[in-house]
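Chemist: need coordinates for the following:
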Amino acid sequence: MRIPLPCTYYEGLLLKKLVNVISRTKCECIALSGGIDTSVILLACIIAGLKPRAITVVYRGGVPKDLPYVIHISKLFNVDLDLTILDSNDVLRIKDDIISCIDNELNSHSDGGCIEFRNDVVFYTVLKRAKEIKCSCIYVGSGSDELLLGYNYLLTLPSDEVDSTVRKFVHGRYPELKISECLGVKTIAPFLEPDVVEVLLMISLNCLRSERMLGKEVLRRILESYGLDVIAFRRKTPAEEGSGTKDICRSTYDY
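Modeler: Sure, this is the predicted structure:
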């Protein structure tokens, strides 16, 4: 049930819950995109006294929009940045592994699997790298867009339909979590931890979407309060655009 309390209250409570997750899990790595979700998780890590290694993937043949933000926040917090640069040969080499893992789910967008693949190749590469460098576990931002109205269609959804829609995502499909199972990598998604979800489902809608129509307002305000305005005002950037893998293939939705 949504409880109408000041947004500042929820900002403090949510950050506290995220810090608690970090304190009890202590992962050595984080999948860092420089976006709203993983930047808040990294902030929680720093507050908890933890400096995880940041793993980021970019595609040599594309335009990695995330990279400037990743470099900015990793330098700001003085965390090690592990950057993997994919080329077309790398993509072809891991394609079969991704297909064997997610199987029929590859065509989730009914476009022959293009959109799913160019996003999943990022997740796969990050998680495989985490396994290679023997991370005890890795933090991912899964669930934030879904539970905090990060997608455009959730921003315009009638208020009386928000909760019924959002609750479906609590146990929804997250390809990166499926891929982590296939690779045998322990993944922690702080935004999907039960005590965090409990808070997310309480937050007033005006603290999630505002006149800025950017979504995830509560996370943006947390970043703003710590002087991270450069990242706080970023618009939603899918993994395929942030890493540059959107240029791997062409989907019918691109035209």
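Chemist: which residues of the stretch 101-250 of the chain fall in helices?
Modeler: Secondary structure of the stretch 101-250 of the chain by DSSP state H, counting those that start in this stretch: the helices cover 114-132, 144-147, 152-155, 159-167, 175-183, 194-200, 217-225, 229-232, 239-243.
Chemist: mind putting those into CSV with mean neighbour count and mean pLDDT?
Modeler: C-beta here means a position set from N, CA and C on the backbone, and glycine is covered the same way. Below are the helices of the stretch 101-250 of the chain laid out as CSV (neighbours: other Cβ atoms under 10 Å; pLDDT from 0 to 100):
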stretch, mean neighbour count, mean pLDDT
helix 114-132, 23, 95
helix 144-147, 22, 96
helix 152-155, 15, 90
helix 159-167, 12, 92
helix 175-183, 19, 96
helix 194-200, 16, 97
helix 217-225, 22, 97
helix 229-232, 18, 95
helix 239-243, 24, 93
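Chemist: output those in TSV; the columns should cover distance to Asp82.
Modeler: Output for the helices of the stretch 101-250 of the chain, formatted as TSV (distance: least, Cβ to Cβ, whole Å):
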stretch	distance to Asp82
helix 114-132	7
helix 144-147	22
helix 152-155	31
helix 159-167	33
helix 175-183	16
helix 194-200	26
helix 217-225	23
helix 229-232	19
helix 239-243	14
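Chemist: so which of those is nearest Leu67?
Modeler: Among the helices of the stretch 101-250 of the chain, the nearest to Leu67 by Cβ to Cβ is helix 239-243 (8.2 Å).
Chemist: what helices or strands is the closest one leaning on?
Modeler: Judged by 3 or more Cβ pairs under 8 Å, 6 or more residues apart in numbering; DSSP states H and E, helix 239-243 is in contact with strand 53-59, helix 114-132.
Chemist: paired strands for the first one, with orientation please.
Modeler: This points to strand 53-59. Applying DSSP bridges, strand 53-59 is found paired with strand 29-31 (parallel), strand 81-86 (parallel).
Chemist: my guess is Ile179 meets Ile98, correct?
Modeler: Yes - at 7.2 Å, Ile179 counts as touching Ile98 under the criterion of Cβ atoms under 8 Å.
Chemist: how about the contacts made by Ala232?
Modeler: Neighbouring residues of Ala232 by Cβ atoms under 8 Å, 6 or more residues apart in numbering: Ile36, Arg220, Arg221, Leu223, Glu224.
Chemist: so where's the protein uncertain?
Modeler: For the chain, not a single residue meets the criterion pLDDT under 70.
Chemist: try 80
Modeler: Low-confidence segments of the chain, defined by pLDDT under 80: 104, 211-213, 255.
Chemist: show me what contacts the spatially most central residue of it?
Modeler: Nearest to the geometric centre of the chain sits Gly141, at 3.1 Å (Cα atoms, centre = their mean). With contacts taken as Cβ under 8 Å, 6+ apart, Gly141 has the following neighbours: Ala31, Ser33, Gly35, Asp37, Thr38, Ile41, Ala189, Phe191.
Chemist: please identify which of those is nearest to Gly49.
Modeler: Minimum distance to Gly49 across the contacts of Gly141 is 14.6 Å, recorded for Ile41 (Cβ to Cβ).
Chemist: how close does that closest one sit to Leu14?
Modeler: From Ile41 across to Leu14, the span is 11 Å (Cβ to Cβ, to the nearest Å).
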